[in-house]
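In: whatever this is, show me its structure:
(one chain, ligands or ions: 1)
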Amino acid sequence: MSGIGVGGGLNNLGNTCFFNATIQSLLYTPPLAAILDRKDHSQRCRLKQSHQWCAFCEMEIILSGTRQNKRFSPSGMINHLKSIFKKVEINLLSLSWVDKKILTNFYVTL
Ligand SMILES: [Zn+2]
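Out: A predicted model of the protein is given here:
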């Protein structure tokens, strides 16, 4: 993970600064960032394949967006905030144990 740099920030979409700080902390947690960088999840995500929104896929998008060194709007995550917990439960069936452990930490952090 060395040499990645800070990356771009996240736009505040209205009282989302604490949420953004949490997301940014997660994005720069090396094991999670490594998984998100590989984009393995989104390539096999059942929700994405059925054109549904997925929090883990959204994290891949946000990380990719912040790596462009421009401010990124996490609107996809904010717009689906109320449904995150339902989606996480559904998506657990398709995750590896590593993904489940990281997602559990993500779940607890939120
Ligand atoms: Zn997904």
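
In: what residues of stretch 39-50 count as buried?
Out: Buried positions in stretch 39-50, judged by neighbour count with 16 or more other Cβ atoms under 10 Å: His41, Ser42, Cys45, Leu47, Lys48. From N, CA and C alone the C-beta is placed, and that goes for glycine too.

In: now, which of the residues you listed lie within helices?
Out: When DSSP state H is applied, those are split such that His41, Ser42, Leu47, Lys48 fall in helices.

In: residues near the closest residue in space to the second one that isn't next to it in sequence, how many?
Out: When the adjacent residues along the chain are set aside, Ser42 lies closest to Cys57, with 4.6 Å between them (Cβ to Cβ, 6 or more residues apart in numbering). By other Cβ atoms under 10 Å, the residues close to Cys57 number 21.

In: which residues are in contact with Cys57?
Out: His41, Ser42, Cys45, Leu47, Lys48 (Cβ atoms under 8 Å, 6 or more residues apart in numbering).

In: which positions within the host helix or strand of it qualify as buried?
Out: Assigning secondary structure by DSSP states H and E places Cys57 in helix 55-66. Buried positions in helix 55-66, judged by neighbour count with 16+ other Cβ under 10 Å: Ala55, Phe56, Cys57, Glu58, Met59, Glu60, Ile61, Ile62, Leu63, Gly65, Thr66.

In: make a markdown table out of those residues and add pLDDT and distance to Asn11.
Out: Formatted as a markdown table, the entries for those read as follows, by pLDDT from 0 to 100; distance: Cβ to Cβ, whole Å:
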| residue | pLDDT | distance to Asn11 |
| --- | --- | --- |
| Ala55 | 87 | 18 |
| Phe56 | 91 | 21 |
| Cys57 | 94 | 20 |
| Glu58 | 93 | 15 |
| Met59 | 93 | 16 |
| Glu60 | 95 | 18 |
| Ile61 | 94 | 14 |
| Ile62 | 93 | 11 |
| Leu63 | 92 | 15 |
| Gly65 | 91 | 10 |
| Thr66 | 90 | 11 |
